[in-house]
Each structure stands twice: as C-alpha cells, then as structure tokens.
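Enquirer: prediction below, plus the sequence it came from.
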Amino acid sequence: MRTARVLLTGCSQAGQVAGFGNFSNNPGETDMIMRNVNTGAFEIYDIANNQLTSAFSMGAVGLDWQVAGFGPMNGAGTSDMVLRKRQHRRLQGLRHHQ
C-alpha cells in the first residue's frame, strides 16, 4: 500500500479537526468538520480530489459541548454529529440537512 501526503490549505488558524464523514451527499467523497477552539463554531469543508472545494458554517455551540461522534443516525446514508455536554452528561444529535 502506498500513501501520499496532501496539504489542505484554506482552513482557519483557530480550527481544530472535529471529524470526517459524508456531509455533502456526494457519494465517495469525505468531508471534514472543523471547530473554532475560541468560539465553538463548526464548519464543514467539502474535499474533492485532495482539495478543499467549499466551506459552510454550521453555527456555534458553547465550549462546554464536546463532539461525541459521527455516523448515519437518521439512516439516510449521510453523517450526523452527536455532541455531549460535559457537566450534565447530556447528548444532543445534530442531523444533516441538505
């Protein structure tokens, strides 16, 4: 197996990778979610052919919420995100809507 290193440019300096999944409904493509460590804002970055092709804001949640995971929670074949609030141990699901 051969791997290649790819540099993705255009991401925020304060961004931290939160996870990967299919958030764009484009079969065979992987998208990246980044979170601003200062504001709690999430952004989806569409990736095609090892390039960032577009970015979409998802809004912000308090910094007391952590990403718990990603998966097709609604069964539609696209990824959804689950957040966990630290103090109260509550979970919140965020469904993907195109």
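Expert: Perfect, I can see it now.

Enquirer: could you use CA atoms for every contact and neighbour count after this?
Expert: Fine.

Enquirer: so where is this structure shaky, pLDDT-wise?
Expert: Within the chain, the stretches with pLDDT under 70 are 1-12, 75-77, 89-98.

Enquirer: so for it, the centremost residue is which one?
Expert: residue 33 (2.2 Å; C-alpha atoms, centre = their mean).

Enquirer: name the element that residue belongs to?
Expert: strand 31-36 (DSSP states H and E).

Enquirer: listing partners with orientation, what would you give for that strand?
Expert: strand 15-21 (antiparallel), strand 41-48 (antiparallel) (DSSP bridges).

Enquirer: I'd like the distance from the longest one to the chain centre, please.
Expert: Between the centre of strand 41-48 and the centre of its chain there are 6 Å (C-alpha atoms, centre = their mean, to the nearest Å).

Enquirer: what lies in contact with that strand?
Expert: Here strand 41-48 makes contact (C-alpha atoms under 8 Å, 6 or more residues apart in numbering) with 23-24, 29-36, 52-61.

Enquirer: pull out the buried residues from those.
Expert: For the contacts of strand 41-48, a burial check counting by 16 or more other C-alpha atoms under 10 Å picks out 23-24, 30-36, 52, 55.

Enquirer: what pairs with the longest strand along the chain, parallel or antiparallel?
Expert: Secondary structure of the chain per DSSP state E: the longest strand is strand 51-60. Using DSSP bridges, strand 51-60 pairs in its sheet with strand 41-48 (antiparallel).
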